[in-house]
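K.L.:
this one's structure only:
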């Protein structure tokens, strides 16, 4: 058992720079996590300091957990709610005007289970503009959430979600098209 654990550790999938960055980011986490809720600009500054691309008017709550800021890109007008988990071992791109609700989990990594060392596989996630990831939803590795899409509460998404669709359940399935004045053009093409 110990040998197996040691072999996994020897196959570290993180560069030395990433390891140092994670140590520094974790050391500064209290400055992020214990900042008052309305200090969005402060938290955005900290994330930019560690290489995140953060747009204007972004509201990231202090209880949000971000694994590595340097693999995160957040567009303008995005809100990421309480206790959301951004596990961005792979790059996560959240485009403009997206809402990530409380306790949602975006996981941009997995392991190659066919290898004995279970190598880390970094798989990007893209959430396109004007989408909503509802509370407690899980978005898995390699998924793209289409523009104007909604992922229902507690849904589990392992496949791409098309533009203007509402999905829900585990695994998430099509529920209906989103009927909103702002996305009429997108619905016609869906």
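P.N.:
Right, received. Where do you want to start? Remember, it's a predicted structure, so these values are computed and weren't measured experimentally.
K.L.:
helix or strand next in line after the longest helix anywhere in the chain, which one?
P.N.:
Longest helix of the chain, by residue count under DSSP state H: helix 16-33. For helix 16-33, the succeeding helix or strand toward the C-terminus, using DSSP states H and E, is helix 40-49.
K.L.:
that following helix packs against which elements?
P.N.:
Helix 40-49 makes packing contacts with helix 16-33, strand 53-54, strand 59-60 when contacts are defined by 3 or more CB pairs under 8 Å, 6 or more residues apart in numbering; DSSP states H and E. For glycine as for every other residue, the C-beta is placed from the backbone atoms N, C-alpha and C.
K.L.:
buried residues in the longest helix of the chain?
P.N.:
Buried positions in helix 16-33, judged by neighbour count with 16 or more other CB atoms under 10 Å: 21, 22, 25, 32.
K.L.:
now do that helix against helix 40-49, angle only.
P.N.:
170 degrees (axes from the mean of the first three to the mean of the last three CA atoms, to 10 degrees).
K.L.:
report how many residues lie close to the closest residue to residue 36 other than its chain neighbours.
P.N.:
Spatially, and ignoring its direct neighbours in sequence, residue 36 is nearest to residue 62 (7.5 Å; CB to CB, 6 or more residues apart in numbering). Residues lying near residue 62 (other CB atoms under 10 Å) number 17.
K.L.:
ditto for the one 3 residues further on
P.N.:
Neighbouring residues of residue 65 were enumerated by other CB under 10 Å; the total is 13.
K.L.:
and the closest residue to it other than its chain neighbours, backbone torsions?
P.N.:
In this structure, residue 65 finds its nearest non-sequential neighbour in residue 85, 4.9 Å apart by CB to CB, 6+ apart. Backbone dihedrals for residue 85, given as degrees, to the nearest 10, come out at phi -120, psi 120.
K.L.:
can you redo the helices and strands packed on helix 40-49 as CSV with distance to residue 159 and mean pLDDT?
P.N.:
Converted to CSV, the helices and strands packed on helix 40-49 look like this (distance: least, CB to CB, whole Å; pLDDT from 0 to 100):
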stretch, distance to residue 159, mean pLDDT
helix 16-33, 29, 94
strand 53-54, 26, 98
strand 59-60, 27, 98
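K.L.:
may I see those arranged in TSV, with distance to residue 164 as well?
P.N.:
Shown next, in TSV, are the helices and strands packed on helix 40-49 (distance: least, CB to CB, whole Å):
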stretch	distance to residue 164
helix 16-33	34
strand 53-54	26
strand 59-60	24
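K.L.:
for stretch 48-68, buried residues please.
P.N.:
Going by neighbour count (16+ other CB under 10 Å), the buried part of stretch 48-68 is 50, 52, 54-55, 58-64, 66-68.
K.L.:
please tabulate the residues you listed in CSV, including the columns distance to residue 151.
P.N.:
Rendered in CSV, the data for those read as follows (distance: CB to CB, whole Å):
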residue, distance to residue 151
50, 27
52, 23
54, 22
55, 21
58, 20
59, 19
60, 19
61, 19
62, 23
63, 20
64, 17
66, 19
67, 20
68, 23
